[in-house]
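> coords below, sequence missing:
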Ligand code: SME
């Protein structure tokens, strides 16, 4: 089984029956960080109020705690609802360098059933152009899966945070 398929299958199995979003994020970042050598920082930022992201579970060095939607690569993903593939972080003036060693970044939004961005998955690498098209498709598939599992509301129920 290809690595991406194998990791997704493991995450799917690990989250079986788990309805707690914090537990899910923690499990996902652990599995991702230890499965892909080029993921040097792996974490979620959560939408905690209108146009504000706050750090969630992560693996790697300290990440900045708060990112407004108009700042950084994470803010761009949250603001646009679009994946941000950044092969060279120095080419994006809005990049926030939580680590001086980061050279490339991939940020993928997690959306609820209304299409609102409820979190972003932030992947940083110390390698240039580290994220392949397979990484991008995998991360987008994973974030769609997480959005559907934890943020699809037929009623007013909300997941445990
Ligand atoms: N690089 C991100 C900030 C988060 S730290 O990298 C963990 C950005 O530009 O939004």
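Now that the structure is in, tell me what you want to look at. Predicted model only: the values in this text are computed from it and were never measured.
> shaky segments in the protein?
Within the chain, the stretches falling below the threshold (pLDDT under 70) are 1, 154-161.
> so who does residue 36 touch?
When contacts are counted by C-beta atoms under 8 Å, 6 or more residues apart in numbering, residue 36 is found next to 3, 7, 135. All C-beta spots, glycine's among them, are computed from the backbone N, C-alpha and C.
> Rebuild those as a markdown table, extending it with distance to the ligand, neighbour count and secondary structure.
Output for those, formatted as a markdown table (distance: C-beta to the nearest ligand atom, whole Å; neighbours: other C-beta atoms under 10 Å; DSSP: H, G, I helix; E, B strand; the rest coil):
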| residue | distance to the ligand | neighbour count | secondary structure |
| --- | --- | --- | --- |
| 3 | 23 | 12 | helix |
| 7 | 21 | 19 | helix |
| 135 | 16 | 20 | helix |
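> Go ahead and name everything in contact with stretch 88-101.
With C-beta under 8 Å, 6+ apart, stretch 88-101 has contacts from 40-41, 60-64, 67, 71-76, 86, 102-105, 124, 126, 128-129.
> Could you identify the buried members of those residues?
Buried positions within those, assessed by neighbour count (16 or more other C-beta atoms under 10 Å), are 40-41, 60, 63, 67, 71-76, 86, 102-105, 124.
> Please identify the buried residues of the helix or strand hosting residue 9?
Under the criterion DSSP states H and E, the helix or strand holding residue 9 is helix 3-14. By neighbour count on 16+ other C-beta under 10 Å, the buried set for helix 3-14 is 4, 7-8, 11.
> Same question for stretch 92-105.
Taking 16+ other C-beta under 10 Å as the neighbour-count basis, stretch 92-105 is seen to contain the buried residues 95-96, 98, 102-105.
> Next: stretch 28-42.
Buried residues in stretch 28-42, defined by neighbour count with 16+ other C-beta under 10 Å: 28-33, 36, 39-42.
> Would you mind giving these as TSV with distance to the ligand added?
TSV is the format used below for the buried residues of stretch 28-42 (distance: C-beta to the nearest ligand atom, whole Å):
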residue	distance to the ligand
28	16
29	11
30	16
31	18
32	14
33	12
36	16
39	12
40	10
41	5
42	9
